[in-house]
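In: Sequence plus the predicted model coming up.
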Amino acid sequence: MAYRLCSSSPSSLFHDPPSISSSFRKPKLRNFPSPLSPQSKTILQSNHVSLQEPIPQQSQDANSPKDANFDNPVAKSTPSKNSYIWVNPKSPRAKQFGKKSYNARYSSLVKLSVSLDLCDPNEDDISRIFEGLGDNITEQDAVIIINNMENSVVVPFVLWYAQKKIRATREVILYNVTLKVFRKCKDLEGAEKVFDEMVNRGVRPDNVTFSTIISCARSCYLPNKAVEWFERMPLFGCEPDDVTYSVMIDAYGKAGDVDMALSLYDRARTEKWRVDSVTFATLIKMYGVAGNYDGCLNVFEEMKALGVKPNLVVYNTLLDAMGRAKRPWQVKTIYNELINNGLFPNRSTYGSLIHAYGRARFCEDALVAYKQMKEKGMDLSTHLYNTLLAMCADVGYTEQAFEIFEDMKGCDTCSPDSWTFSSLITIYSCIGKVEEAERLMNEMIESGFEPNIFVLTSLVQCYGKAKRNDDVVKTFNHLLDMGIEPDDQLCGCLLSVMTQTPKDELGKLTDCVVKANPKLGSVVRHLVEGLEGGGEFRIDALELFGSISDGVKRAFCNSLIDLCINLDLLDKACVLLDLGLTLEIYTDLQSRSQTQWSLHLRGLSVGAALTAFHVWINDLSKAFESEENLPPLLGINTGHGKHRYSEKGLAGVIESHMKELNAPFRESPDKAGWFLTTQVAVSSWIKSRDLSKLVSA
């Protein structure tokens, strides 16, 4: 077997590496039985100096390429073939030669590093530990000792001792391995002090010096510091290589300099730099924050095309981006790929799933992710609980919401906040449980949370459903007394309450609407007080719709038309419907082909649907009177769903109304939510309607 009989000259260890990414070559050993212990064999494999530490809390695949730039700041000694001779392992002297090998010395140096980590940071203790080596300490010994240390408080004293004992030929390497210890300890401030001392002593930093400090800043989650050190490199004549540039894509991205990060990424694709999975995760996050969700997917596909295996951080980042994009179908695909690649979901994975499915109202999928988290003993944050509760409130999952709330109250890591109570009060309000809503309101106040506009809006809705209009007014006035300015949602809620209120009690609610939104109040007064002047009504309504956000225009128009129908003001309901069509608040209400004319009522309120039905029937009558050819088939699409907090659906209301009119539309057996009739049947019905009008006249 080949043994190294003595410590060779350290000069081979301290030559200038051809590049920062130079790899260490291991000595070639012949395949003879080794008398060394298994521990010694391990030392043979680990006898090198490396500044690379994995970025903390970033899951990395074992097979994924690392940044070579940060792996090899010091070139390993590469002994020549003449440094080795073969020793017969059966020889009585084999064991003696083994003890004299450098591998045995390396083992003792590593043990000395451990002792130094445990000693006090003072010159006496360090000198005492070094006594075991005697005066025969080489530069290579010092590099190995410091490189294996993990105590940034002690290592400056060790460096000082080594500088005093040896005359270093490449002092920069001693500083570089010292900086590595500071990086292990995430001590950027200490690393910066070592750098200042290095420069003051006239030691010229090299690329490895900067790459080590940059990676230290990166591991400390200080991307701005990484950028700062990167931009100092030219001042010392250091030219970053492509691996350093690749790492800086991540640093610039996290520092918020998106343009620089994307510029470097474009260059990386052109020059085929090696980019790690951490950097790809940052790029995906950058595109997601910018709202370029297709860009997120493109980066993900480019990553796989380049042979970089996505890790859990990449998948979690992409899941979060697709959740923000409200693309739950892509979330499912990405999650399945994650599982198929043998990765195990963590808390961040499930959090991204709950956010994505919760936003998109994919309730069953969100609840499955929630149950899996609980089964695996993972705690949910208050924000995740609130996401689930808000979803349940929106879709009417009342029982599930209360179970989640009880689970939340039993959790040691979080507690309900104002948003939690708001969601639950909304649920109670929608199902008209006043006492429960009031109880939660009191519990919220006792927990130290003041009711906000969302909570008070829910209470207004709850009192309205219970026909407690005095409490509606009282709650509204309390809101004003608190200095809260009414918003569009509160005004929409007041309108909704008015559609459920008897005519003789509408006056007190009208006063609230006028205070909340004078333009809306003007339109409501036209209806409630029966003011004349259709032209003025249209102008006021047009001004109202021009002053509110697009998100509430449809709700306002629906409620105003419902109020018209309740007050038997069909003409004003038609004015509002016409405005809704003109302003494109309502779109695609009708469709026509050669074979079928259809009316689409899905998504309208009951009053708006009845008004649209009335207008459509009148249009059919005019077409018939003008002898326009009607198609063979006519249909009305009401949708087949029910209101989330009611068993009542639009289909039942329209069907009942058509029976009152004796309209010939019949529910389709094979198309849910559709009512169909033929040209012959509808023509006969229109004739009979005209005859009945003549008789009544």
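Out: Looks like it arrived, so ask away.

In: rest of the way, CA atoms for contacts and neighbours
Out: Will do.

In: quick one: N386 and F421 touch, right?
Out: No. Between N386 and F421 there is no contact under Cα atoms under 8 Å: 9.1 Å.

In: ok, the two, which is more surrounded?
Out: For N386 versus F421, the count of surrounding residues by other Cα atoms under 10 Å is larger for N386: 26 against 23.

In: Any buried residues in the one helix or strand that one maps to, and which?
Out: For N386, the host element (DSSP states H and E) is helix 382-395. Counting neighbours by 16 or more other Cα atoms under 10 Å, one finds that the buried residues in helix 382-395 are 382-394.

In: Export those as CSV, with columns for distance to P310 and pLDDT.
Out: Below are the buried residues of helix 382-395 laid out as CSV (distance: Cα to Cα, whole Å; pLDDT from 0 to 100):
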residue, distance to P310, pLDDT
T382, 29, 91
H383, 27, 91
L384, 25, 92
Y385, 29, 92
N386, 30, 91
T387, 28, 92
L388, 29, 92
L389, 32, 91
A390, 32, 89
M391, 31, 91
C392, 33, 89
A393, 36, 85
D394, 35, 84
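
In: got CSV for those residues, with distance to P416 too?
Out: Converted to CSV, these look like this (distance: Cα to Cα, whole Å):
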residue, distance to P416
T382, 7
H383, 10
L384, 11
Y385, 9
N386, 8
T387, 12
L388, 13
L389, 11
A390, 13
M391, 16
C392, 16
A393, 16
D394, 19
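
In: just those residues now: which is nearest N341?
Out: L384 (26.4 Å; Cα to Cα).

In: Between which two of the buried residues of helix 382-395 is the distance greatest?
Out: Among the buried residues of helix 382-395, T382 and D394 lie farthest apart (Cα to Cα), at 18.2 Å.

In: Output the helix holding N386 as PDB, restricted to C-alpha atoms.
Out: Taking Å, rounded to 0.1, in the frame of the first residue of the first chain, the C-alpha atoms of helix 382-395 are listed here in PDB:
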ATOM      1  CA  THR A 382     -53.500  32.300  12.900                       C
ATOM      2  CA  HIS A 383     -53.300  33.400   9.300                       C
ATOM      3  CA  LEU A 384     -53.900  29.900   8.000                       C
ATOM      4  CA  TYR A 385     -56.800  29.400  10.400                       C
ATOM      5  CA  ASN A 386     -58.300  32.700   9.200                       C
ATOM      6  CA  THR A 387     -57.900  31.600   5.600                       C
ATOM      7  CA  LEU A 388     -59.900  28.500   6.200                       C
ATOM      8  CA  LEU A 389     -62.600  30.300   8.200                       C
ATOM      9  CA  ALA A 390     -62.900  33.000   5.600                       C
ATOM     10  CA  MET A 391     -63.300  30.300   2.900                       C
ATOM     11  CA  CYS A 392     -66.000  28.500   5.000                       C
ATOM     12  CA  ALA A 393     -67.800  31.800   5.500                       C
ATOM     13  CA  ASP A 394     -67.900  32.500   1.800                       C
ATOM     14  CA  VAL A 395     -69.200  29.100   0.800                       C
END
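
In: Average pLDDT for the following helix or strand past that helix, rounded please.
Out: Downstream of helix 382-395, the first helix or strand assigned by DSSP H and E is helix 398-409. Across helix 398-409, the average pLDDT comes to 89.

In: quick one, helix 398-409 and helix 382-395 angle?
Out: Orientation of helix 398-409 against helix 382-395 (axes from the mean of the first three to the mean of the last three Cα atoms, to 10 degrees) gives an angle of 170 degrees.

In: In helix 398-409, which residues are buried?
Out: Those would be 398, 401, 404-405, 408, for helix 398-409 by 16+ other Cα under 10 Å.

In: Same list, those, but as a markdown table with distance to R468 please.
Out: Below are these laid out as a markdown table (distance: Cα to Cα, whole Å):
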| residue | distance to R468 |
| --- | --- |
| T398 | 23 |
| A401 | 26 |
| I404 | 30 |
| F405 | 28 |
| M408 | 32 |
